[in-house]
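1. sequence plus predicted model, see below.
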Amino acid sequence: MKLLLLLLSLLVLPQLVLPQRAHAESLKLMSYNIRCGLCEAEGTPQYWPERKFLLAHLIQTQQPDLIGLQEAELFQVHDLIAMLPQYQWYAKGRDDGKTKGESTAVLYRKGKLQLLSAKTLWLSETPEQVSKGWDAALNRTFTKTQFKTLKSGQSFYFLNTHFDHMGQQAQLQSALLLKAEAEKLAANSKVLLTGDFNVEPGSEPYKALSKSLNDSALVAKQKLSKNAGTFNGFGRESNSPSQTIDFIFVSKNLQVSSYQVDNRRYNGMYPSDHEALVAVVELD
């Protein structure tokens, strides 16, 4: 009798086992300096009303879930969203905290992500105020957001920034500010950071950030790009990018499946003077 009960329990046990863990959820992340919309002359291939279609096509082809834009003036964000209605957005102009000047805009796929919080801060001694920091030539910002995935409810932080192109002290202090911003989050928080940092690997700002975060280009399981250069200058000086100044950083508790520099051209035309960076990050 006891043997019979044992056999019956073994047959029932599989039904009592907890469901298996769902497949790992991934996030496709893009960082893209799209070049300010009023910076190029009318009548040139670089004029925004001409090249905005190239940018939209590149984004549509890649289908990222989350995008950090740099140099994005608000009318440029509106133009892109009109062509890419699957995205919602958040952005504030760096010159007034509202609509004036470039922004570090964030676009996110509304069918996959829910925005929990968002704010724009300045890379300066007074981050909460419209300001220019240290020896910077211009106002510089970072956008701090928190999201959760609609599928699994996992939450993470996403920061997007654009460092000053001139002030070396500002570049280092900006890196230290972002490092501190990431470190003050709750333990084991998942953090993503995109941006045009205007510094190259090996620089002091890069080293400072690398103490807390990983460069996805280095830790990705699949490296899909032979040319790591991210700044092309519209090809005015060279046919291939020579500088790597844009990065996607991730917290050390995240795995990166793949990393790519998307340097496609359209009949020789450049969507921007920077390349788009794409990383697939495993959230589980």
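-> In hand now; what should we look at?

2. so what's residue 173 up against?
-> 123, 133-134 (Cβ atoms under 8 Å, 6 or more residues apart in numbering). Where C-beta positions appear, they are placed from N, C-alpha and C, glycine not excepted.

3. kindly recompute the last result at 6 Å.
-> With contacts taken as Cβ atoms under 6 Å, 6 or more residues apart in numbering, residue 173 has the following neighbours: residue 134.

4. again with residue 84
-> Going by Cβ under 6 Å, 6+ apart, residue 84 touches residue 56.

5. so which residues of the stretch 101-250 of the chain form strands?
-> Assigned by DSSP state E, counting those that start in this stretch, the strands in the stretch 101-250 of the chain fall at 102-103, 106-109, 113-122, 141-149, 155-162, 191-196, 213-215, 222-223, 246-251.

6. after the helix or strand of the chain with the lowest mean pLDDT, next one along is what?
-> Least confident helix or strand, the chain: helix 2-16 with a mean of 43, by mean pLDDT, DSSP states H and E. For helix 2-16, the following helix or strand on the C-terminal side (DSSP states H and E) is strand 26-33.

7. just checking, what packs against that following strand?
-> Judged by 3 or more Cβ pairs under 6 Å, 6 or more residues apart in numbering; DSSP states H and E, strand 26-33 is in contact with strand 66-70, strand 276-282.

8. what's the angle between that strand and strand 141-149?
-> Between the axis of strand 26-33 and that of strand 141-149 there is an angle of 160 degrees, by axes from the mean of the first three to the mean of the last three Cα atoms, to 10 degrees.

9. ok so, going back, out of the strands of the stretch 101-250 of the chain, nearest to residue 52?
-> Nearest to residue 52 among the strands of the stretch 101-250 of the chain is strand 106-109 (14.0 Å), distances taken as Cβ to Cβ.

10. what are the pairing partners of the closest one, and which direction each?
-> Taking DSSP bridges as the criterion, strand 106-109 sits next to strand 66-70 (antiparallel), strand 87-90 (antiparallel) in its sheet.

11. who's in contact with that strand?
-> By Cβ under 6 Å, 6+ apart, strand 106-109 touches 65-67, 86-90, 143, 145, 160.

12. so which of those is the closest to residue 191?
-> Among the contacts of strand 106-109, and counting by Cβ to Cβ, the member closest to residue 191 is residue 145, at 11.0 Å.

13. now the strands of the stretch 101-250 of the chain as JSON lines including distance to residue 205 and mean pLDDT?
-> Putting the strands of the stretch 101-250 of the chain into JSON lines (distance: least, Cβ to Cβ, whole Å; pLDDT from 0 to 100) gives the following:
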{"stretch": "strand 102-103", "distance to residue 205": "20", "mean pLDDT": "98"}
{"stretch": "strand 106-109", "distance to residue 205": "22", "mean pLDDT": "98"}
{"stretch": "strand 113-122", "distance to residue 205": "17", "mean pLDDT": "98"}
{"stretch": "strand 141-149", "distance to residue 205": "13", "mean pLDDT": "98"}
{"stretch": "strand 155-162", "distance to residue 205": "11", "mean pLDDT": "98"}
{"stretch": "strand 191-196", "distance to residue 205": "11", "mean pLDDT": "98"}
{"stretch": "strand 213-215", "distance to residue 205": "12", "mean pLDDT": "98"}
{"stretch": "strand 222-223", "distance to residue 205": "23", "mean pLDDT": "96"}
{"stretch": "strand 246-251", "distance to residue 205": "10", "mean pLDDT": "98"}
